[in-house]
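[1] Give the three-dimensional model of this entry:
(one chain, ligands or ions: 1)
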Amino acid sequence: MKILVLNAGSSSQKSCLYDITTPIPNLAPQPLWEGKINWTQDQNQAEITVKTATGAKLQETLADDSRQVQFAYLLSTLINGTTKVIDNLSAIAVVGHRVVHGGEDYQEAVIINEDVKQAIAHLCNLAPAHNPAALAGIEAIENSLGNIPQIAVFDTGFHSTLPDAAAIYPIPYQLVEQGIRRYGFHGISHQYCANRAAEILGQDLQSLRIITCHLGNGCSLAAIKNGCSIDTTMGFTPLDGLMMGSRSGSIDPGILIYLLQQYNYSSQELDNVLNKASGLKGISGVSSDLREVIAAKDQGNQRAQLAWDIYVHRLRAGIGSMLASLAGLDVLVFTAGVGENSPGIRQAACEALGFLGLKIDADKNQHQPIDVDIATSDSTVRVLVIETQEDWAIAQKCCQLVQQ
Ligand code: ADP
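    This is a model prediction of the structure:
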């Protein structure tokens, strides 16, 4: 069965085509085709890159076209030219979409109909960088592929098991009733990593207390017990919790009141400050990319050093908080861009957990471990580096839903 997966972000649209055989494998197979549209600063210009399992590659820049045209072009590379992998778009059985916010009503993967589209649109104000992009992808597929079944998989879904004490903010109860609560995000990745951790260790997921650290441009932690999310650091929006690339994470809400009252910040300015001008970028003044912050720190840049120190401090504090929710720990998982690639961050986070008897093997940690346990044999906690496979997790869910 051929499944096309779309993963829409604010400035990019990643897509891949899997050919899935049954029984559905646990491990991600190589996609037949991977395509990406990157929108540059002036949002009309699209850089399109495509690669196939057979090694064919294509790179194009399309200017002054609508996103519909750019998307149709990307799909045409599936059936034309050197990157052709299928004869006709009708060979695609189903299209799966990563949708960041599913609100209170959508927890499981669902076949998209008008009601689902309306719900995704309704939640755009809670995930303004992501839900509109997912909706645009759904509509682009309708235009190009007609009535093909489309499935939404929600990043909030995995956290629907949060107990009330973890999900509900201590605010007036009427606001809670209006849906203001912790939803949590990166759920597709946290769930995939928990399953994969149990598989790598050859243990029953139900028996493990796991903390998953998804550290990419956006960062979040999840506490997972009996295979369910019981606590997480992101909240009502993906702005809460850890320090991120350009997002502040949790700060005293009194700061917002102060900025509004003393400096007349508009809501747009607050949004910009907290989502785009904070985090590693805001403190270092160098970049939101940890690699560049590390390079500047290593050259003696004091603000880059401070950005690193705050990032590590907050990561450790977040892990401590998840640890208390779990009342113990069997497995610590690092994933996403930073988690998979930065030995220094893993080392710094683990150092603080030495009192638990958690120990990592410095050599294993250094050598680009992927889907590997980097803890020493006498460590009381297993420490895994797992390559997150959100697209594959979406494809698996689509396949299961179609089979049902
Ligand atoms: P997204 O959240 O957009 O999916 P990724 O999971 O791809 O992002 O993570 C991107 C981030 O990973 C980059 O901004 C960069 O900070 C970080 N990163 C990638 N490679 C390294 C590395 N070798 N060392 C430190 N950080 C890295």
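[2] which non-adjacent residue is nearest residue 61?
    Excluding its sequence neighbours, the residue lying closest to residue 61 (Cβ to Cβ, 6 or more residues apart in numbering) is residue 47, at 5.3 Å. In short, each C-beta sits where N, CA and C put it, glycine included.
[3] Report the contact partners of that neighbour.
    Taking Cβ atoms under 8 Å, 6 or more residues apart in numbering as the criterion, residue 47 is in contact with 37-40, 59-61.
[4] list the buried ones in whatever helix or strand it lives in?
    Using DSSP states H and E, residue 47 maps to strand 46-52. Residues of strand 46-52 classed as buried: 46, 48-52 (neighbour count, 16 or more other Cβ atoms under 10 Å).
[5] Identify, from those residues, the entry nearest to residue 18.
    Of all those, residue 18 sits closest to residue 52, with 12.5 Å by Cβ to Cβ.
[6] I figured the closest one hits residue 30, correct?
    No - between residue 52 and residue 30 there is no contact under Cβ atoms under 8 Å: 9.6 Å.
[7] number of nearby residues for residue 30?
    Residue 30: 10 surrounding residues under other Cβ atoms under 10 Å.
[8] pLDDT at residue 43, what is it?
    For residue 43, the pLDDT comes out at 64.
[9] what about the strands in the stretch 251-400 of the chain?
    Taking DSSP state E, counting those that start in this stretch to define them, one finds strands in the stretch 251-400 of the chain at 331-335, 372-373, 382-385.
[10] List just the one of the ones you listed that sits closest to the ligand.
    strand 331-335 (8.1 Å; Cβ to the nearest ligand atom).
[11] Quick one: list the elements packing against that closest one.
    Judged by 3 or more Cβ pairs under 8 Å, 6 or more residues apart in numbering; DSSP states H and E, strand 331-335 is in contact with helix 187-201, strand 209-215, helix 343-351, strand 382-385.
[12] most tightly surrounded among the ones you listed?
    Across the helices and strands packed on strand 331-335, averaging neighbours per residue (mean count of other Cβ atoms under 10 Å) puts strand 209-215 on top, at a mean of 27.
[13] quick revisit: listing partners with orientation, what would you give for the strand holding residue 47?
    strand 33-39 (antiparallel), strand 57-62 (antiparallel) (DSSP bridges).
[14] Over the longest one, what's the mean pLDDT, rounded is fine.
    Taken as a whole, strand 33-39 has a mean pLDDT of 92.
[15] now do stretch 265-283
    On average, stretch 265-283 scores 96.
[16] hmm, who's touching that stretch?
    So stretch 265-283 is contacted by 129, 239, 243-249, 251, 256, 259-260, 286-290, 293, 303, 306-307, 310-311 (Cβ under 8 Å, 6+ apart).
[17] Quickly note the distance from the nearest residue to residue 11 once chain neighbours are set aside to residue 61.
    Of all residues not flanking residue 11 in the chain, residue 39 sits nearest, at 5.2 Å (Cβ to Cβ, 6+ apart). Per Cβ to Cβ, to the nearest Å, residue 39 is found 11 Å from residue 61.
[18] do stretch 179-195 and the ligand meet at all?
    No - Stretch 179-195 is not in contact with the ligand by Cβ under 6 Å from any ligand atom; minimum separation 8.5 Å.
[19] repeat for stretch 131-144
    No - for stretch 131-144, no contact with the ligand is found by Cβ under 6 Å from any ligand atom; the gap never falls below 12.8 Å.
[20] roughly how far out does that stretch sit from the chain middle?
    19 Å (Cα atoms, centre = their mean, to the nearest Å).
[21] For that stretch, buried residues please.
    Buried residues in stretch 131-144 (16+ other Cβ under 10 Å): 131-138, 140-141, 144.
[22] Inside helices: which ones of the residues you listed?
    131-138, 140-141, 144 (DSSP state H).
[23] mind putting those residues in JSON lines, distance to residue 76 and pLDDT included?
    Output for these, formatted as JSON lines (distance: Cβ to Cβ, whole Å; pLDDT from 0 to 100):
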{"residue": "131", "distance to residue 76": "26", "pLDDT": "90"}
{"residue": "132", "distance to residue 76": "24", "pLDDT": "90"}
{"residue": "133", "distance to residue 76": "20", "pLDDT": "89"}
{"residue": "134", "distance to residue 76": "22", "pLDDT": "92"}
{"residue": "135", "distance to residue 76": "22", "pLDDT": "93"}
{"residue": "136", "distance to residue 76": "18", "pLDDT": "90"}
{"residue": "137", "distance to residue 76": "16", "pLDDT": "91"}
{"residue": "138", "distance to residue 76": "19", "pLDDT": "94"}
{"residue": "140", "distance to residue 76": "12", "pLDDT": "89"}
{"residue": "141", "distance to residue 76": "14", "pLDDT": "92"}
{"residue": "144", "distance to residue 76": "9", "pLDDT": "88"}
